[in-house]
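1. based on what follows, work out the 3D shape:
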Amino acid sequence: MNTQLHELVIEALDAAKAQGLTQKDLAEISSLDEVGLSRLKKANDARFSTLEELGKSVGKKLIWVDDKTSLPELVSKGKLF
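-> Predicted coordinates for the structure are as follows:
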């Protein structure tokens, strides 16, 4: 998996753990199953819909911004958080 996608998967799994959710719990509240979550951790790729569902299950969402966009500027303007 490319590094950015892998970081998103790990961040979502860490968020679930911080919320006291096990992998089984996460599977129950998402459309993913435990085997799928396990495979996702080791995968070379992930579908956008899978990342979106995983994030949604732990209170996160994906956004798409122009590569030239200043993320700190968006944050300071209140457009990201």
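
2. gap between Ala18 and Gly55?
-> In this view, Ala18 and Gly55 are 14 Å apart by CB to CB, to the nearest Å. C-beta coordinates here come from the backbone N, C-alpha and C atoms, glycine included.

3. looking at those two, which one has more neighbours?
-> Gly55 (18 against 9; other CB atoms under 10 Å).

4. if I look at Ser76, how far off is Val65?
-> Using CB to CB, which is the criterion applied here, Ser76 is 14 Å from Val65.

5. meant to ask about Ser57, not that
-> For Ser57, the distance to Val65 equals 23 Å [CB to CB].

6. again with Gly55
-> For Gly55 relative to Val65 (CB to CB), the value is 16 Å.

7. higher neighbour count, Ser57 and Val65?
-> In this view Ser57 and Val65 are compared by other CB under 10 Å, and Ser57 has more residues nearby, 21 against 11.

8. pretty sure the more buried one is touching Leu26, no?
-> Yes - taking contacts as CB atoms under 8 Å, Ser57 lies within contact range of Leu26: 6.0 Å.

9. how about low-confidence regions in this structure?
-> Scanning the chain for pLDDT under 70 picks out the ranges 1, 80-81.

10. which residue of it lies farthest from its centroid?
-> Note on the chain: the largest C-alpha distance from the chain mean falls to Lys77, namely 23.4 Å (CA atoms, centre = their mean).

11. what's the neighbour count on Leu8?
-> Neighbours of Leu8 under the rule other CB under 10 Å: 18.
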